[in-house]
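Q: Provided below are the primary sequence and the corresponding predicted coordinates.
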Amino acid sequence: MGYLDAIQNITIADIKLDLMRTAYDNDEALLNKFDPRIVIIWSAIFVIVPWFFYEPEPLFAMLIAALLLAYLSQTSIYLLVLLIWGSLSNIGFIVILSSVVYWWQGGPGGLRGAVVDNSVALLPFTMKLTVISVVSLAAFSAMSPKKLAKGLLSLGVPRPFTFAIAYGYRMVPVLVEEYHDLVNSLRLRNKAPEKSGLLRWRYYLYLLKLSIKAFYPMAFNVAKRSRVTVEAMETQGFSHSLGNEASRELRLGDLQILPRDVTFMLVSLLFVVVVSVFL
């Protein structure tokens, strides 16, 4: 019951606070202390590495290491749980569907045996996807938007694209705040159902309707906010600075690969070698 109570006590304010910390306050995160170019290259390597392993033991070791790294990088627990739940639910749906089809066609072993066999067969694939997802989430949510944009820009990504990423990071907490305010205003002007029904389905349907109604005003407000932002940036000469080499050098002047960055990369590669040899 403790876990159920904890889930039920989660509020929108907790989610907003966690997103604000992810978008603005990552100075103490482990991966945010390294050079962003090293972190981006490291994440690209470890998106590919799990596909070279087929046994569950090394993949399990990588998963534990990825979760530990995500914890040290102060990754949002809500995003992490949502990511893992999405991976498990997708694979679970595939297992159930394939098992039912196998049993329906008269395969030996029955439905339970088909579920067990398919689960064991898909376990390495599931762990690969989970490792890749956790590593990507830890890398790109731990770095501040400014450092991430600089790292991508230094690797040759066009500056408008890097700005869009940084702007999107900054806008997520604002959008959540605005969406929450719109839902609350609609709740004040609408009456909740007097009887919630079995498993409170009427109340959840009421919240779903309010959430859909709040989406369209939020989209309109985002369009107005984006227009104001673009006009302000054009006033400050943003378009002119896109092709200005001096502006690019000024933005990337503080990037520097230190010995700790090289050590982090070498330790990560050594971990992969140890896992591949001993597991």
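A: In hand now; what should we look at? Being a predicted model, the structure only gives us computed values, none of them experimental.

Q: Any stretches of the protein with poor pLDDT?
A: Within the chain, the ranges that satisfy pLDDT under 70 run 1-16, 19-27, 106-111, 234, 236-244.

Q: give me that answer again for 50
A: Across the chain, the ranges flagged by pLDDT under 50 are 1-8.

Q: residues of the longest helix that it contains that come out buried?
A: If you go by DSSP state H, the chain has its longest helix at helix 201-235. In terms of neighbour count (16 or more other CB atoms under 10 Å), helix 201-235 has its buried residues at Y206, L210, A214, M218, N221. C-betas here are computed from N, CA, C, even on glycine.

Q: Let me know the closest of those residues to S76.
A: M218 (21.1 Å; CB to CB).

Q: which residues does the closest one contact?
A: Residues counted as contacts of M218 (CB atoms under 8 Å, 6 or more residues apart in numbering) are L175, E178, Y179, L182.

Q: residue ranges of the helices in this protein, please?
A: Using DSSP H, helices in the chain cover 2-8, 12-24, 36-48, 56-72, 77-104, 110-142, 145-154, 159-189, 201-235, 238-242, 245-251, 259-278.

Q: Of those, which is nearest K195?
A: helix 201-235 (6.5 Å).

Q: returning to that earlier point: which PyMOL command selects the buried ones in the contacts of M218?
A: To isolate the buried ones among the contacts of M218 in PyMOL, judged by 16+ other CB under 10 Å, type:
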select buried, resi 175+178+179+182
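
Q: Now do the same contact list for the closest residue to S119 other than its chain neighbours.
A: Distance criterion CB to CB, 6 or more residues apart in numbering; nearest residue to S119, sequence neighbours excluded, is V95 at 5.4 Å. By CB under 8 Å, 6+ apart, V95 lies in contact with V115, N118, S119, L122.

Q: State the number of residues packed around the third one.
A: Other residues lying near S119 total 15 when counted by other CB atoms under 10 Å.

Q: The most centrally placed residue in the chain and V176, how far apart?
A: Closest to where the C-alpha atoms of the chain average out (CA atoms, centre = their mean) is L137, at 4.5 Å. L137 sits 18 Å away from V176, going by CB to CB, to the nearest Å.

Q: list the contacts for N190?
A: Counting by CB under 8 Å, 6+ apart, the residues that N190 touches are Y206, L210.

Q: same check, this time on K147
A: Residues in contact with K147 (CB under 8 Å, 6+ apart) are N32, P36.

Q: what do you get for L255?
A: D35, P36, R37, K150, G151, S154.

Q: phi, psi of it?
A: phi -80, psi 130 (degrees, to the nearest 10).

Q: where's it relative to A138, distance?
A: 21 Å.

Q: cool, T126 as well?
A: Counting by CB to CB, the gap from T126 to A138 is 18 Å.

Q: Same check on V274?
A: In terms of CB to CB, V274 sits 20 Å off from A138.

Q: So for these two, which residue has more residues nearby?
A: A138 (27 against 12).

Q: quick one, what contacts the more buried one?
A: L31, A66, L69, A70, S73, T75.

Q: let's see 10 Å
A: Counting by CB atoms under 10 Å, 6 or more residues apart in numbering, A138 touches 29-31, 39, 43, 46, 66-75, 80.

Q: Next: V115.
A: So V115 contacts G92, V95, I96, S98, S99, V100, Y102, W103, G109 (CB under 10 Å, 6+ apart).

Q: Also S211?
A: Counting by CB under 10 Å, 6+ apart, S211 has contacts Y179, L182, V183, L186.

Q: and it, how far is that from D117?
A: From S211 over to D117 (counting by CB to CB), the distance is 40 Å.

Q: Pull the number of nearby residues for the nearest residue to L152 once chain neighbours are set aside.
A: Among residues not flanking L152 along the chain, T162 sits closest, at 4.7 Å (CB to CB, 6+ apart). A count of nearby residues for T162, using other CB under 10 Å, gives 21.

Q: thought T162 was touching Y169?
A: No. Proximity of T162 to Y169 does not meet the contact threshold set by CB atoms under 10 Å, at 11.1 Å.

Q: hey, what's in contact with both of the two?
A: Contacts common to T162 and Y169, judged by CB under 10 Å, 6+ apart, are P145, K146, L148, A149.

Q: Need the max-distance pair from those.
A: The widest separation within the shared contacts of T162 and Y169 (CB to CB) is 7.3 Å, between K146 and L148.
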